[in-house]
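Asks: Quick one: sequence plus predicted model below, questions after.
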Amino acid sequence: MQDCPDAQKGLRQLTYSYAIMTKVVEYNICQNALAYTKKSSKAKKAVTIGIGAALPIFRFENTFHKHNATQLGELVPTFGIGLDLGIIRTKGRASFQIETNYSQVNILHTFTPNLFDLADIYEQEVTLKGLRNTIALKYNLSQQKTMPYLFGGIGLTSNFEQKHILRRIEDDSSVPFVIDTQGLALPKSDLFALGGVGLISKNYFVELRYEIGSDLNSKTDQSLYNNRITLMAGYRLPFGKYK
């Protein structure tokens, strides 16, 4: 085009689409030229449905009686629904997990504050029922058909039933009897942190998580911590991609 400067000027002002440039590059593949490929920046998203079992690990701390103990609760069922939102430009490795799971706790804890009076017994009963709402960051350790992954995040429990009863029992007779009953006003919500590991294959997943709760009663000398171990299994329902 050196002999036609007007045409050269016009060519410089042309715009080329992706489709046109792809054809030009592919034409030169026979000459060992590098082919241009467009990388997708879309992220996957899916609905998750899970069911499993939770083991409450309640922590009791009483500074007045100098009593600290960990009590295992009843193994209770749990189930829930969530969203798995892939993070753009992470090659499918990272995503946000947003979940809501049913939560239940039934704990009965007995202790003797006075070692010199074993007949003076205290009994604590805790009942909690509600929803545990979590948001976590998940990272896939591989991109194979079967993928192990790690996750960690925070959550907020919304209780629709909460009960705490503290009974003082006199047990020096043939028939124990309650001499005093009182209870704590437990909050309707509490924060917790969670972390765990999982495995996914063909949209089926199984995961093991540990949750550490905040103090349910920070205003008195009696502290309660609602911790738990949960084993969940479920299925992912992919429903598209987004940019």
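Replies: All right, it came through fine. All values reported here derive from a predicted model rather than from experimental measurement.
Asks: Return the helix or strand in the protein with minimum mean pLDDT.
Replies: helix 18-27 (a mean of 52; mean pLDDT, DSSP states H and E).
Asks: next SSE after that one?
Replies: strand 43-62 (DSSP states H and E).
Asks: Go through that next one and flag the buried ones.
Replies: For strand 43-62, a neighbour-count test (16 or more other Cβ atoms under 10 Å) marks 43, 45-46, 48, 50, 52, 54, 56-62 as buried. From N, CA and C alone the C-beta is placed, and that goes for glycine too.
Asks: Next: stretch 73-85.
Replies: 73, 76, 78, 80, 82-85.
Asks: One more: stretch 222-236?
Replies: Buried-residue list, stretch 222-236, by 16+ other Cβ under 10 Å: 222-226, 228-230, 232, 234, 236.
Asks: Give me the subset of those that lies in strands.
Replies: 222-226, 228-230, 232, 234, 236 (DSSP state E).
Asks: Tell me how this protein divides into domains.
Replies: Per automatic domain parsing, the domain ranges recorded for the chain read 1-38, 41-242.
Asks: In the chain, spot the strand with the most residues.
Replies: The chain, longest strand under DSSP E: strand 146-170.
Asks: if we can go back for a sec, can you list which of the buried residues of stretch 73-85 are found in strands?
Replies: Using DSSP E, these in strands are 76, 78, 80, 82-85.
Asks: Point out where this protein drops to low pLDDT.
Replies: For the chain, applying pLDDT under 70 flags the ranges 1-41, 63-66, 113-120, 170-182, 218-220, 242-243.
Asks: which residues does residue 102 contact?
Replies: With contact taken as Cβ atoms under 8 Å, 6 or more residues apart in numbering, residue 102 is in contact with 77-80, 131-132.
Asks: on that earlier part again, kindly indicate which of the buried residues of stretch 73-85 lies nearest residue 167.
Replies: Residue 167 lies nearest to residue 73 out of the buried residues of stretch 73-85, by Cβ to Cβ, at 17.8 Å.
Asks: Throw the buried residues of strand 43-62 into JSON lines and include distance to residue 99, thanks.
Replies: What follows is the buried residues of strand 43-62, written out as JSON lines (distance: Cβ to Cβ, whole Å):
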{"residue": "43", "distance to residue 99": "18"}
{"residue": "45", "distance to residue 99": "14"}
{"residue": "46", "distance to residue 99": "12"}
{"residue": "48", "distance to residue 99": "7"}
{"residue": "50", "distance to residue 99": "8"}
{"residue": "52", "distance to residue 99": "12"}
{"residue": "54", "distance to residue 99": "13"}
{"residue": "56", "distance to residue 99": "18"}
{"residue": "57", "distance to residue 99": "20"}
{"residue": "58", "distance to residue 99": "22"}
{"residue": "59", "distance to residue 99": "24"}
{"residue": "60", "distance to residue 99": "28"}
{"residue": "61", "distance to residue 99": "29"}
{"residue": "62", "distance to residue 99": "33"}
